[in-house]
Each structure stands twice: as C-alpha cells, then as structure tokens.
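>>> got a structure for you, letters missing:
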Ligand SMILES: Nc1ncnc2c1ncn2[C@@H]1O[C@H](COP(=O)(O)OP(=O)(O)OP(=O)(O)O)[C@@H](O)[C@H]1O
Ligand SMILES: [Mg+2]
C-alpha cells in the first residue's frame with residue numbers, strides 16, 4: 001500500500017541529513033560519530049551512505065574487500081525497484097546498521113533520480129525507501145556527497161532535520177547560504193523539514209572572535225542564530241588520520257591513547273633504538289568529547305522539538 005506524503009514524513013520523523021555543498025567540512029565524520037555515539041548511548045541507529053566515495057564505510061572499518069562492488073545495491077533496489085531496504089552491513093557496531101554505497105550503484109541511482117525527480121512524487125523516492133524501516137530506529141543519519149544536487153533534493157525531501165557542518169571562513173558561509181535557499185525549496189515537498197543545527201568544525205584555538213561573525217551571518221541567512229550548536233569540533237589532524245586509518249570512531253580511538261607509563265616505556269624503547277609505531281595522540285580524547293557533546297545536544301534538541309509538537313496537538 002502506498003503511503004501518503006504525511007505518512008511518509010511521519011515514519012521519517014527521526015531522519016537527520018548531514019548536508020553542505022562544500023567538500024571536506026566533516027560531513028562524513030559527523031555522520032559516523034553522531035551515529036556511533038548515539039548507538040553507544042543505547043539508541044538503535046541506521047546510517048545511510050549516499051556518497052559514491054563511500055568514506056562512511058571506511059570510517060567504520062569496512063575495508064574495500066568487505067564493502068563489495070554492490071554495497072549500494074540495496075538502496076538502488078529500494079528506490080528504483082521498490083524492494084524492501086535491507087542494510088548492507090547490519091550491526092556494524094552494537095545497535096548500528098549501515099546502508100552502504102559504492103560508485104556503480106550510486107551512479108545508477110543518480111541517473112534514476114535525475115530522470116524521476118521532476119515527476120509527481122519523484123522527490124519523495126528516498127522517503128518511500130526509508131519509511132518502512134525508519135520506525136525501527138531511534139535515529140536515521142544520511143551522509144551526502146558535496147555535489148550531486150539530485151541526491152540532496154531527495155535527502156531533504158525525506159529528512160525531518162538538517163544538520164549543517166561548516167567551517168567559519170567566508171567561502172563556507174557562502175556555501176551555507178545556498179543550503180539555506182535549498183532548505184526553503186525543500187519545504188514545499190517536505191513541510192516538516194527543520195534545521196536541527198549548524199555545527200562549527202575544524203575550529204582552531206583562537207577562534208572566539210570569528211564565532212561572533214559566524215553567528216551574525218547565520219542569523220541573517222536563517223532568520224535566527226539559535227540553531228548553532230554550542231559544541232564546536234576542534235581541528236585535530238593526527239587523531240582524525242588515526243581514526244580513518246584504523247576504521248575507528250573518535251570515542252573508540254580514545255582507548256588507544258597510551259597511559260603515562262606506556263608513554264615512558266615507548267620512549268625508553270625508542271631511545272634503545274627500537275622502531276615504535278606512532279602512538280594515538282592524547283588529543284583524541286578531546287575530539288571524542290567534542291563529538292559526545294554534539295550527540296548529546298542533537299538528541300536533546302530532537303527530544304525537545306518532539307515534546308513541543310506533542311504539546312501543540
Ligand atoms: N577534527 C578534525 N580535525 C582535522 N581533520 C579532521 C578532523 N576530523 C576529520 N578530519 C579529516 O578531514 C577530512 C574531511 O573529513 P570528511 O571526509 O568527514 O569530510 P566530508 O565533508 O565528508 O568530505 P566530502 O565532501 O569529500 O564528503 C578527512 O580526511 C578527515 O580525516
Ligand atoms: Mg563525505
């Protein structure tokens with residue numbers, strides 16, 4: 001039985017799309033860590049990778065071999081062939097399921113969406129694919145590529161919430177203006193779409209003054225400064241590289257930070273001429289705390305918005 005748009009959006013009430021037209025602003029890292037920390041906190045979580053680069057799978061430790069050439073087949077089949085959506089990698093972590101991506105199927109999906117997005121109901125293709133299984137999850141997170149306008153359109157038509165990671169420089173803020181515009185357009189097909197929040201990422205130590213400017217720009221573009229998350233994600237390259245290389249999330253990497261005693265032992269071995277692999281930087285703990293802060297804020301915002309909606313009814 002076909003669901004009405006209202007029923008589709010009701011089923012997709014916990015769907016969060018991580019969106020920014022700009023590349024390299026931690027969309028995938030945000031999707032992986034938000035989903036991973038929410039699952040760790042006891043929620044059932046579904047991650048959907050819409051990016052042919054498939055970095056999300058990599059961040060979760062799935063190697064090229066484990067990914068397979070048809071990791072993206074379930075999503076393509078669900079959208080284009082009306083099959084039930086089955087996660088390609090169920091329980092990739094406790095309580096965390098992944099719908100993977102691969103270049104060939106994502107390309108076919110983009111072609112399909114291009115051909116259908118202009119037709120009545122075409123924009124709701126992703127919502128229709130996700131709606132039957134979304135109610136099983138406390139959170140559904142969509143990771144999007146920086147380009148591929150069509151994928152962004154079907155994602156914004158399916159999601160209840162938009163989360164925008166951004167850097168604080170001028171070109172990033174311009175990119176965000178474009179998203180603000182697309183957000184307005186998407187609300188014609190998906191009146192339930194809301195901005196969950198804007199996340200400042202790759203923030204250096206001396207960025208307090210910039211944040212004020214950013215707040216002002218956001219206030220102009222979105223009509224309010226309120227959606228900025230209090231948490232910002234610090235710039236910390238070394239833990240980020242270790243995490244992606246090992247296929248571990250920030251809070252999982254934390255356990256590999258050596259204790260003081262272990263650090264002394266490594267120094268002793270190195271002084272004795274042994275080759276010692278570089279240790280995971282202790283900044284990893286701070287980055288993990290940043291992601292925990294974001295996850296908590298995001299889950300609290302969702303709970304507050306739902307409570308407000310219930311009170312209105
Ligand atoms: N806290 C951090 N500090 C510095 N670099 C980071 C941090 N977190 C992640 N990175 C690195 O930044 C790069 C971009 O991150 P990511 O892939 O999440 O961005 P993206 O927006 O998804 O990119 P794309 O637009 O290509 O999909 C990656 O190499 C990642 O390892
Ligand atoms: Mg990405």
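Nice, I can see it. These numbers were taken from a predicted model, which means no experiment stands behind them. Ligands and ions are numbered 1, 2, ... in the order given.
>>> For the rest of this, base every contact and every neighbour count on C-alpha atoms.
OK.
>>> Who are the packing partners of the longest strand anywhere in the chain?
For the chain, the longest strand by residue count, based on DSSP state E, is strand 194-203. With contacts defined as 3 or more Cα pairs under 8 Å, 6 or more residues apart in numbering; DSSP states H and E, strand 194-203 has these neighbours: strand 161-166, strand 233-234, helix 283-312.
>>> so which of the ones you listed is the most packed in?
strand 161-166 (a mean of 26; mean count of other Cα atoms under 10 Å).
>>> now that one: mean pLDDT?
Mean pLDDT, strand 161-166: 94.
>>> Briefly note if that strand comes near ligand 1.
No: for strand 161-166, no contact with ligand 1 is found by Cα under 6 Å from any ligand atom; the gap never falls below 7.9 Å.
>>> quick one: the following helix or strand past that strand to strand 161-166, angle?
Going down the chain from strand 161-166, the next helix or strand is helix 170-189, by DSSP states H and E. Inter-element angle recorded for helix 170-189 and strand 161-166: 170 degrees (by axes from the mean of the first three to the mean of the last three Cα atoms, to 10 degrees).
>>> and the longest strand of the chain, does that touch ligand 1?
Yes: against ligand 1, strand 194-203 shows contacts by Cα under 6 Å from any ligand atom at residue 202.
>>> Just checking the distance from that strand to the centre of its chain.
11 Å (Cα atoms, centre = their mean, to the nearest Å).
>>> hmm, who's touching it?
Applying Cα atoms under 8 Å, 6 or more residues apart in numbering, the contact partners of strand 194-203 are 25-26, 160-168, 227-229, 231-236, 298, 301-302.
>>> 6 Å instead, please
161-167, 227-229, 232-235 (Cα atoms under 6 Å, 6 or more residues apart in numbering).
>>> cool, and stretch 20-31?
Under Cα under 6 Å, 6+ apart, the answer for stretch 20-31 is 18, 56, 143, 146, 147, 164, 166.
>>> Likewise for stretch 87-106?
39, 44, 45, 46, 47, 48, 49, 52, 54, 71, 72, 73.
>>> Looking at it now, give me its mean pLDDT.
94.
>>> Can you list the buried residues in it?
87-89, 92, 95-103, 105-106 (16 or more other Cα atoms under 10 Å).
>>> repeat for stretch 46-58
46, 47, 48, 49, 50, 51, 52, 54, 55, 56, 57, 58.
>>> residues making contact with it?
Applying Cα under 6 Å, 6+ apart, the external contacts of stretch 46-58 come out as 28, 96-103, 106, 140-145, 247.
>>> swap in stretch 154-174?
So stretch 154-174 is contacted by 13, 15-20, 25, 123-124, 126-127, 186, 190, 192-201 (Cα under 6 Å, 6+ apart).
>>> Looking at the contacts of stretch 20-31, which are in strands?
Mapping the contacts of stretch 20-31 onto strands (DSSP E) picks out 18, 143, 164, 166.
>>> The third one: what's its closest spatial neighbour, skipping adjacent residues?
So the one you mean is residue 164. What sits nearest to residue 164 in space, not counting adjacent residues and going by Cα to Cα, 6 or more residues apart in numbering, is residue 198, at 4.7 Å.
>>> Please apply the same query to the first one.
Across the structure, with Cα to Cα, 6+ apart as the measure, the residue nearest residue 18 apart from its sequence neighbours is residue 163 (4.9 Å).
>>> What separation is there between the one you found and residue 61?
From residue 163 across to residue 61, the span is 24 Å (Cα to Cα, to the nearest Å).
>>> can you check residue 286 too?
Taken as Cα to Cα, the span from residue 286 to residue 61 is 21 Å.
>>> what's the answer for residue 238, then?
For residue 238 relative to residue 61 (Cα to Cα), the value is 17 Å.
>>> do residue 192 as well
34 Å.
>>> Point out the residues in this protein that sit beside ligand 1.
Residues of the chain lying near ligand 1 (Cα under 6 Å from any ligand atom): 23-29, 145-146, 202, 233-237, 240-241, 244.
>>> List only buried entries from the residues you listed.
25-29, 145-146, 202, 233-234, 236, 240, 244.
>>> Contact partners for residue 123?
117, 154.
>>> A strand includes it, no?
No: going by DSSP: H, G, I helix; E, B strand; the rest coil, the assignment for residue 123 is helix, not a strand.
>>> Quick check: phi and psi at residue 19.
phi -130, psi 140 (degrees, to the nearest 10).
>>> nearest residue to it other than its sequence neighbours?
Per Cα to Cα, 6+ apart, closest to residue 19 is residue 164, 5.3 Å.
>>> Same question for residue 97.
residue 90 (4.3 Å).
>>> Remind me which helix or strand the one you found belongs to.
strand 89-93.
>>> Distance of the residue nearest to residue 18 relative to ligand 1?
From residue 163 across to ligand 1, the span is 12 Å (Cα to the nearest ligand atom, to the nearest Å).
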